[in-house]
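Peer 1: 3D model of this:
(chains A and B)
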Amino acid sequence: MGQRKIRVLIAKPGLDGHDRGAKVVARALRDAGMEVIYTGLRQTPEMIAEAALQEDVDVVGLSILSGAHMALVPRVLELLRAQGQENVKVFVGGIIPDEDVPRLLEMGVAGVYGPGTLTEQIIRDIYAAVGELDRPLRS
Amino acid sequence: MSLAESVLQGNRLALARLLSQVENETEEGLAELNRLFPYTGKAHLVGITGAPGSGKSSLVTQLVYALRHPAPEQKPVRVAVVAVDPSSPFSGGAILGDRIRMRELAGDQGVFIRSMASRGALGGVAASTANLVSVLDAAGFEIVLIETVGAGQTEVEIARLAHTVIVVEVPGLGDDVQAIKAGLLEIADIIVLNKADQPGVENAERALRTMLELASARGTLSGNAQPASPQWTPPLLRTVATEGRGVQAVVEALYNHRNFLCQSGEWERRERLRFQTQLENLFQAALIKRLHETVSATEYGHILDRIVSRQISPWKALEILLDGVVQ
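Peer 2: Below you'll find the predicted structure:
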């Protein structure tokens, strides 16, 4: 009798040096019953994709405050697709100018969250995106 | 192609997905595990345990790094890490943070790191940790490091799972009586005194040495002066894991212990103990499953009612259930 938990990778790509927001979100997802793999600061897109693969996560949450999101996010998406993880939902949080939000969503990002977002909103969106955990499990 | 076949061919995504299936104990996962079992038995399973914050993750990182970058004449071994962190008893969720310390290992295809939540198990590892380790063993990793949750005194389940147990101690955790209490130190094959640049390291080392000397006197006291197998005395090694200091000596101790296990017949004994534990756990689970299949919920509730009203004892109820006679 197994249990199935939503697995989420929370990562901070790039060079910005504070991760309070990422920790708040990680904690909220934990309290919502998810298993959150927290990788800490200064991750490259390659490190994030590798961790997403090894941990077989359903969701990747990227926290970016540095303004480098238009470079970092597409690279993470590309690497995930290249390794066969196109089903993984990618969420972005941090300081994202309004005009960049539609462009990120168009690239395949599942949600973008700025300051002041309620964690309940993020949890609801993750449940909606991951659905009934029916992602294909075969390689 | 089945997941098991892909795993045997070295497909890392298939490996990650099979680990999830096995962790969730899906029917497919267990079937694939069954298929992989003949390929297991080659890996050296090494447990790393110790108090929260004692530096287990940092030590694991440095151990993996040293194993991947040996002296020029040695071949680097492939290493997998299973890192267990606790699940929240309230939400069932977990923060798995062991990867934070493992940045240095990124990008190395000879390393595979998997975090897992304890999911309610209290022994320091999760119920399915043994099965995840088996998959990694079959996938060809020569060493599998199992990092337990931050352990206190009784999280000793790792001793039944690993061939070699490393217990990480730090200065300032207690006096020499703590060191002779039963528990974590008893299961140590290698003792690492980490954070050896901190004050109190001399006292901590003295307490641990006293404990080790008392332990090696035990054979003589009980009249068993000539043990059947050569005794292993756990080495006590100082490290500063964050800087990698002393880690090479831990790697050497690991290999020494493996040689000892193989030459003394202890390897087989530990494997036997591991499978005995596993078989008994499986047997318990199967018995409970069968109980619920053969005894209806109404009948079961009726028996519980009679125990609560003191008409029969739990021991009598067990007899009734085992005989298959439900009244």
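Peer 1: contact partners for residue A:45?
Peer 2: Residues near residue A:45 by CB atoms under 8 Å, 6 or more residues apart in numbering or on different chains: A:13, A:72, A:75, A:76, A:79. In this view, the C-beta of every residue, glycine as well, is placed from N, C-alpha and C.
Peer 1: again with residue B:166
Peer 2: Listed by CB under 8 Å, 6+ apart, the contact set of residue B:166 reads B:46, B:47, B:48, B:49, B:59, B:188, B:189, B:190, B:191, B:192, B:250, B:254.
Peer 1: mind doing that once more with 6 Å?
Peer 2: Applying CB atoms under 6 Å, 6 or more residues apart in numbering or on different chains to residue B:166 gives the contacts B:48, B:190, B:192.
Peer 1: tell me which of those is nearest to chain A?
Peer 2: Nearest to chain A, judged by CB to the nearest CB, of the contacts of residue B:166 is residue B:48 at 18.4 Å.
Peer 1: where does the closest one fall, phi/psi-wise?
Peer 2: Phi and psi for residue B:48, reported as degrees, to the nearest 10, are phi -120, psi 120.
Peer 1: residue nearest the centroid of chain A?
Peer 2: residue A:61 (1.7 Å; CA atoms, centre = their mean).
Peer 1: surely that residue is within a strand?
Peer 2: Yes: the assignment for residue A:61, made by DSSP: H, G, I helix; E, B strand; the rest coil, places it in a strand.
Peer 1: can you tell me the closest non-neighbouring residue to the closest residue to chain A within the stretch 101-250 of chain B?
Peer 2: Distances between the stretch 101-250 of chain B and chain A by CB to the nearest CB are smallest at residue B:106, namely 4.3 Å. Distances taken as CB to CB, 6 or more residues apart in numbering or on different chains put residue A:47 closest to residue B:106, at 4.3 Å, once the chain neighbours are dropped.
Peer 1: which helix or strand in chain B has the lowest average pLDDT?
Peer 2: helix B:176-180 (a mean of 63; mean pLDDT, DSSP states H and E).
Peer 1: next structured bit after that one?
Peer 2: Note on helix B:176-180: by DSSP states H and E, the next helix or strand toward the C-terminus is strand B:190-193.
Peer 1: neighbouring strands for that following strand, and are they parallel or not?
Peer 2: strand B:164-169 (parallel), strand B:236-238 (parallel) (DSSP bridges).
Peer 1: spell out which parts of chain A neighbour chain B.
Peer 2: A:2, A:4, A:26, A:30-31, A:33-40, A:47, A:53-54, A:56, A:84, A:137, A:139 (CB under 6 Å from any CB of the partner chain).
Peer 1: filter these down to the buried ones, ChimeraX style.
Peer 2: Per 16 or more other CB atoms under 10 Å in any protein chain shown, the buried members of the residues of chain A next to chain B correspond to this ChimeraX selection:
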select /A:2,26,30,33,34,35,36,37,38,39,40,47,53,54,56,137,139
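Peer 1: in helices, which of the residues of chain A next to chain B fall?
Peer 2: Among the residues of chain A next to chain B, the ones falling in helices (DSSP state H) are A:26, A:30, A:31, A:47, A:53, A:54.
Peer 1: scan chain A for its longest helix.
Peer 2: helix A:69-82.
Peer 1: burial of the closest residue to residue A:86 other than its chain neighbours, as a residue count?
Peer 2: The shortest distance from residue A:86 to any non-neighbouring residue, by CB to CB, 6+ apart, is to residue A:80 (6.7 Å). Residue A:80: 22 surrounding residues under other CB atoms under 10 Å in any protein chain shown.
Peer 1: same question, residue B:81
Peer 2: Here the number of neighbours of residue B:81 (other CB under 10 Å) works out to 28.
Peer 1: can you pull out the helices in chain B?
Peer 2: In chain B, the segments counted as helices under DSSP H are B:3-8, B:12-23, B:27-36, B:56-68, B:129-138, B:158-161, B:176-180, B:201-221, B:247-264, B:266-294, B:297-308, B:314-322.
Peer 1: chain A: which of the ones you listed is closest?
Peer 2: For chain A, the closest of those is helix B:12-23, at 4.0 Å, according to CB to the nearest CB.
Peer 1: and that closest one with helix B:27-36, angle?
Peer 2: 110 degrees (axes from the mean of the first three to the mean of the last three CA atoms, to 10 degrees).
Peer 1: now helix B:12-23: how far from the chain's centre is it?
Peer 2: 19 Å (CA atoms, centre = their mean, to the nearest Å).
Peer 1: distance of residue A:4 from residue A:33?
Peer 2: Distance, residue A:4 to residue A:33, by CB to CB, to the nearest Å: 11 Å.
Peer 1: ok so, going back, could you list every helix and strand in contact with the longest helix of chain A?
Peer 2: helix A:45-55, helix A:101-107 (3 or more CB pairs under 6 Å, 6 or more residues apart in numbering or on different chains; DSSP states H and E).
Peer 1: rerun that using 7 Å as the cut-off
Peer 2: With contacts defined as 3 or more CB pairs under 7 Å, 6 or more residues apart in numbering or on different chains; DSSP states H and E, helix A:69-82 has these neighbours: helix A:45-55, strand A:59-64, strand A:89-94, helix A:101-107.
Peer 1: CSV for the ones you listed, including mean pLDDT?
Peer 2: Converted to CSV, the helices and strands packed on helix A:69-82 look like this (pLDDT from 0 to 100):
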stretch, mean pLDDT
helix A:45-55, 96
strand A:59-64, 96
strand A:89-94, 95
helix A:101-107, 96
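Peer 1: okay, those in JSON lines with distance to residue B:298 next?
Peer 2: Listed next are those as JSON lines, based on distance: least, CB to CB, whole Å:
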{"stretch": "helix A:45-55", "distance to residue B:298": "44"}
{"stretch": "strand A:59-64", "distance to residue B:298": "42"}
{"stretch": "strand A:89-94", "distance to residue B:298": "44"}
{"stretch": "helix A:101-107", "distance to residue B:298": "54"}
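Peer 1: most neighbours per residue, which of the ones you listed?
Peer 2: Of all those, strand A:59-64 carries the top mean neighbour count, a mean of 25, counting by mean count of other CB atoms under 10 Å in any protein chain shown.
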